[in-house]
Structure formats: structure tokens, C-alpha cells
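Q: test case, fold it:
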Amino acid sequence: QTTMEEKKKSVQEYYGKVLSSSKDLKTSACTSSARPHPVLLKIFSKIPTEVTSKFYGCGSPLPLGIDGLRVLDLGSGSGRDCYAAAALVGEKGSVTGIDMTAEQLKVSREHAEKYCKETLGYAKCNMEFKEGYIEQLSDAGIQESSFDIVISNCVINLSPDKPSVLREVYRALAPGGEFYFSDVYCDRRLPKSVQDNEILWGECIGGALYTADFVRYARAAGFADPRVLSASPVAVSDPALRALLGEARFYSITYRLFKLPGLLEDACEDYGQAVVYLGGMPGSESAYQLDQGHRFEKGRMSLVCGNTAAMLGEQGLSWLRRHFRVLGDRSV
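A: Next up, the predicted model:
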């Protein structure tokens with residue numbers, strides 16, 4: 001049986017030495033499945049080539065409208081999402097990446113200063129990269145309630161201790177903050193033979209959580225109402241790997257987990273509340289997509305449950321509060 005430390009070392013070896021670029025991957029799990037938003041595509045085109053070529057991720061977990069906010073990227077790798085976030089938060093915002101792979105950190109740090117000052121035109125670099133483990137953020141100097149947004153791109157499945165990651169993210173987020181991230185999930189629990197396969201683990205397949213188990217872990221960490229923003233199937237084309245996996249099916253899912261202490265319930269309750277999207281968010285000028293079931297048109301009042309009202313700014317707590325007007329409260 002593979003220990004947690006052995007799995008961490010295996011991942012470090014795979015992403016630091018075995019893979020030279022995303023073209024070396026054996027599945028589509030660690031590459032983006034859906035086309036990113038045009039706003040992000042424009043930003044990606046200006047990021048240094050070495051940073052983008054060594055990028056491994058299963059989505060584009062970068063919320064728009066985050067100017068001035070503090071962003072933490074778990075498993076930042078070569079830094080592509082950090083570089084994009086640096087552009088999105090503007091000169092008054094900040095971005096911190098944390099990764100355990102020295103080779104990837106070297107790439108992310110090498111271009112940061114020049115990118116921020118010359119490409120973005122900032123007076124100083126608003127990015128920093130820390131070496132550490134996502135299960136132990138405090139050991140890397142990540143303080144409690146110090147970030148507004150935490151992002152992660154196909155990394156949590158690589159962790160051998162996923163509940164610890166979720167607890168650490170909840171601790172690092174400020175009240176009203178959000179964990180906005182993409183990862184690979186499975187439609188069932190995977191056997192040990194699959195979990196202990198180094199290639200499948202490194203390809204983001206062996207560590208894929210059963211979706212229902214993920215929701216249980218998220219709620220236990222304090223994220224009472226996990227929301228799915230998007231989901232798409234992951235292809236495993238390698239015949240040998242497919243044979244090992246049997247009928248298991250995998251999906252790249254972007255989840256949104258809000259830290260709203262005292263405001264989120266374990267079920268959606270109707271208090272007669274409504275919200276109005278104010279517009280003005282870059283890339284969502286006419287409508288805003290909160291999750292798969294909630295799309296809000298600018299200027300149009302929409303009835304919502306208490307949890308959704310909280311996510312959009314009830315009591316002025318959520319980071320989305322500046323983009324929405326919440327009508328009504330929970331008085332009965």
C-alpha cells in the first residue's frame with residue numbers, strides 16, 4: 001500500500017521530471033476540456049510561453065470581476081493561472097501561488113517580475129510563489145482569513161489527504177470568500193489497485209474522488225452548500241489504463257464553495273428573497289452564471305433561496321456583494 005508521503009514524492013517526480021510539457025500526458029484529465037472565456041484567452045495569449053507550455057489543468061477556474069482581491073492558487077505549478085489572476089485582480093490585488101515541485105516553482109518565479117512590470121504595466125510585481133504542501137498551508141506561512149478567493153486547477157485529486165486540503169482552504173479564506181476550482185471526479189469509489197497506480201495518480205485519475213464523497217468532505221470542512229458551475233467528461237484513451245479502470249467514468253467539474261459562516265444551511269430554504277444583478281462585471285455584462293442552475297440577467301429581479309442570497313451578498317458578506325442587490329431577509 002502506497003503511503004501519503006510516497007504519493008507526494010511520486011507526484012513531485014512526475015510533474016518535475018517525467019513530464020516536459022502537457023503533450024506528454026496519457027489522458028485528457030490534466031488538460032483544459034472547455035474553451036476558456038474570451039477575457040481569459042486574451043490574457044493567456046500574453047503569458048510567457050514557458051509558463052503556458054508546462055501548464056497542467058482540467059479547466060479554467062478563474063472567476064472574473066475580482067479586481068482588488070487577494071487570490072491564493074493551490075498547486076500553482078508553472079504559474080499560468082497565477083499570471084492570469086495577476087491581470088484580473090489589478091495592481092491593487094495580490095496573487096500567491098503554492099506548490100511542492102521545485103522545477104515548476106522555478107518556471108513560475110522566473111518570469112513574474114518582467115510580466116507584471118512590462119506586460120501588465122504595474123509599478124511592482126503583485127505575485128509571489130511559495131514552496132509547500134496544500135494539506136499544510138499554515139506551514140508555508142498562509143495566515144487564517146487572509147484570502148478572498150482560493151483557486152485550484154486539477155490539483156486536489158493529487159493530494160493523498162483531501163479532507164485536510166478542504167479544512168486548510170476554509171481556514172485561509174476570509175468570511176465571504178470563495179474556493180473556486182476545477183478538478184477530476186469519478187462516478188464511483190475507486191479500488192486500491194487504481195489509487196496505488198503511480199501513472200494513474202499522476203494523471204489525475206487515480207486520486208479522483210467519488211462526487212458524493214467530495215460533497216461530504218466539503219460540508220464537513222464548513223462549505224455547507226457546494227455548487228457545480230460546469231462539468232464535462234474526461235477521456236482515457238490509453239488502452240492499458242482503460243482496462244485497469246473498468247466501467248469507471250470521470251468528469252472535470254468546476255465547483256464553487258463559499259465561506260459564509262452562519263448564513264448557509266444544509267438545504268435551500270425559501271424566505272421570499274430576490275436578487276438583482278447590477279451588471280458591470282467584465283465578461284458578464286448582460287448576465288451572470290452563478291452555477292448550473294442559476295443565471296441572472298442584468299436588471300431583472302430573480303427569486304432565490306436563502307443560500308443563494310447569501311452567496312450573492314446578503315448582509316454584505318460575500319465577495320459578490322458589489323455586483324448584486326439582495327432584496328428581503330430571513331425574518332419569518
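Q: so which residues of the stretch 151-300 of the chain form strands?
A: 173-186, 209-210, 227-234, 250-258, 273-277, 287-291, 294-297 (DSSP state E, counting those that start in this stretch).
Q: quick one: low-confidence parts of this protein?
A: Counting by pLDDT under 70, the chain contains low-confidence ranges at 1-34.
Q: give me the residue at the spatial middle of it.
A: Residue closest to the average C-alpha location in the chain (Cα atoms, centre = their mean): residue 181, at 1.8 Å.
Q: so how far is residue 153 from it?
A: According to Cβ to Cβ, to the nearest Å, residue 181 stands 7 Å off from residue 153. C-betas here are computed from N, CA, C, even on glycine.
Q: repeat for residue 171
A: 21 Å.
Q: comparing those two, which residue is more hemmed in?
A: Each of residue 171 and residue 153 has its neighbours counted (other Cβ atoms under 10 Å); residue 153 has more, 27 against 17.
Q: quick check: closest non-adjacent residue to that one.
A: residue 57 (3.4 Å; Cβ to Cβ, 6 or more residues apart in numbering).
Q: the one you found: how many residues sit nearby?
A: 26.
Q: can I assume it is in contact with residue 81?
A: Yes - using Cβ atoms under 8 Å, residue 57 is in contact with residue 81, at 7.0 Å.
Q: quick check: neighbours shared by these two?
A: residue 153 (Cβ atoms under 8 Å, 6 or more residues apart in numbering).
Q: report the contact partners of residue 41.
A: residue 35 are the contacts of residue 41 under Cβ under 8 Å, 6+ apart.
Q: wait, a helix at it?
A: Yes - checked against DSSP: H, G, I helix; E, B strand; the rest coil, residue 41 lies within a helix.
Q: and the gap between it and residue 62?
A: 11 Å.
Q: likewise for residue 70?
A: 14 Å.
Q: comparing the two, which residue is more hemmed in?
A: Each of residue 70 and residue 62 has its neighbours counted (other Cβ under 10 Å); residue 62 has more, 27 against 20.
Q: contacts only, for that one.
A: 36, 40, 81, 84, 85, 88, 151, 180.
Q: kindly recompute the last result at 6 Å.
A: Residues near residue 62 by Cβ atoms under 6 Å, 6 or more residues apart in numbering: 40, 84.
Q: what kind of secondary structure is it in?
A: Residue 62 - assigned by three-state DSSP - is coil.
Q: can you pull the phi/psi pair for it?
A: phi -130, psi 100 (degrees, to the nearest 10).
Q: circling back to that earlier point, Serialize the strands of the stretch 151-300 of the chain to CSV and add fields for distance to residue 218.
A: Listed next are the strands of the stretch 151-300 of the chain as CSV, based on distance: least, Cβ to Cβ, whole Å:
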stretch, distance to residue 218
strand 173-186, 9
strand 209-210, 10
strand 227-234, 10
strand 250-258, 6
strand 273-277, 23
strand 287-291, 14
strand 294-297, 18
